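next come a sequence and a model predicted from it.
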Amino acid sequence: KWANSSSDYRVFVEQELLPRLNPAYAALQELSDADVFVRRRGAQALSRIAREATLPALLTARLFDLMTIEQDQLVWRLVMSAVSEDDMPEAARLAELAVNHTWPDVRVLGCGYARRHPRPQYARWLLPLLSDKNRAVQLAAIEAAGACRNPLLIEGLPARGENPAWPGLSALMNGGDARLGFAVAAAMSDLGDERGMQELIRLSFSESAEMRAEAARAMGRSGQARFIEPMIRQCWTESNAQVRRASLTALEELVPQENHPPELGGATSDDAKIKAWSAWQQRRAPRPGR
């Protein structure tokens, strides 16, 4: 029956057979409906199904085709939720479509995917968004930039021919926005840039205890051994319990488990943990004359 019509066979499989076999395909079918409420229902079903199992690659590829013409923000939010844990190329294509969308909310969703599944190649998605006019998009792009670990994002790209220049993170360091400035310092630290690390250390002396705690957490996430000594020093001098705890957690992240102080295992209080780290640092310090 289908020997002379492969396109008809494909329509039969996608619209008649697969929806009967898999509820995800039934939800996908609703996403092609003209009624936005039907599409929302389908997107919500996909999001729910994806919490139990990864969506099939074939379905996600078809989803990309549908989302190129989707005009409802709720549908976009639900669809990106459905692929948020999926690291397959088909899901990455959807995220790339999102970061290039005209709506800021959708661009933020694309940045969130890049942050959750960081890849160096996503730097070229994120670079234009570092200068986005929408602050929420800009902040999401900065946070994703650090996770992608591509040094291209530090200085950006110069203008070439008809292509405009795309400034990197370093151009945003002194922008005057405290929240963006912190995010830039954290992202540059993640990328191993000394300027970002120095800025995080400076922020660890902020008058705001909340900012000091945020700086400690960012240092811990960075994985940079450069922060170990400042963290131990901060533990000794810090009076705020929340900041001390954040610094201790950062130390445990920065130092591999096998290198933790042996005394740490028996430490039951923050003071005991701080003493353990201090003793550990003293044992590692070079002796005079050596």
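Sure, I can see it. Residues are numbered from 1 along each chain as shown.

can you map out the strands along the stretch 151-290 of the chain?
156-157, 166-167 (DSSP state E, counting those that start in this stretch).

between those strands, which one is closest to Ala95.
Ranking the strands of the stretch 151-290 of the chain by their distance to Ala95 (criterion: Cβ to Cβ) puts strand 166-167 first, at 18.9 Å. (Each C-beta comes from the backbone N, C-alpha and C, glycine too.)

so what does the closest one touch, helix or strand wise?
Judged by 3 or more Cβ pairs under 8 Å, 6 or more residues apart in numbering; DSSP states H and E, the packing partners of strand 166-167 are strand 156-157.

chain center to the strand it packs on: distance?
20 Å (Cα atoms, centre = their mean, to the nearest Å).

so for it, mean pLDDT?
Summarised as a single mean, pLDDT over strand 156-157 is 92.

residues in contact with that strand?
With contact meaning Cβ atoms under 8 Å, 6 or more residues apart in numbering, strand 156-157 is reached by Leu127, Leu130, Asn163, Ala165, Trp166, Pro167, Gly168, Leu169, Ser170, Ala171.

okay, now the last one: neighbour count?
For Ala171, the tally of surrounding residues (other Cβ atoms under 10 Å) stands at 16.

next up, the contacts around it.
Each residue near Ala171 by Cβ under 8 Å, 6+ apart is listed here: Gly156.

out of the strands of the stretch 151-290 of the chain, which comes closest to Val83?
strand 166-167 (26.5 Å).

can you tell me the strand partners of the closest one and which way each runs?
As defined by DSSP bridges, the strand partners of strand 166-167 come to strand 156-157 (antiparallel).

returning to that earlier point: make CSV out of the strands of the stretch 151-290 of the chain and add distance to Arg77.
Converted to CSV, these look like this (distance: least, Cβ to Cβ, whole Å):
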stretch, distance to Arg77
strand 156-157, 30
strand 166-167, 27
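
nearest to Asp193, out of those strands?
Going by Cβ to Cβ, the one of the strands of the stretch 151-290 of the chain nearest Asp193 is strand 156-157, 12.8 Å.

give me the buried positions along the strand or helix carrying Thr60.
According to DSSP states H and E, Thr60 maps onto helix 57-67. Within helix 57-67, the residues that count as buried by 16 or more other Cβ atoms under 10 Å are Leu59, Thr60, Arg62, Leu63, Phe64, Leu66, Met67.

would you check that the fourth one makes contact with Ala27?
No: with contact taken as Cβ atoms under 8 Å, Leu63 and Ala27 are classed as non-touching, separated by 9.9 Å.

give me the common contacts of those two.
Leu46.

just to revisit the earlier point, looking at the buried residues of helix 57-67, spot the one nearest Met219.
Among the buried residues of helix 57-67, and counting by Cβ to Cβ, the member closest to Met219 is Thr60, at 36.7 Å.
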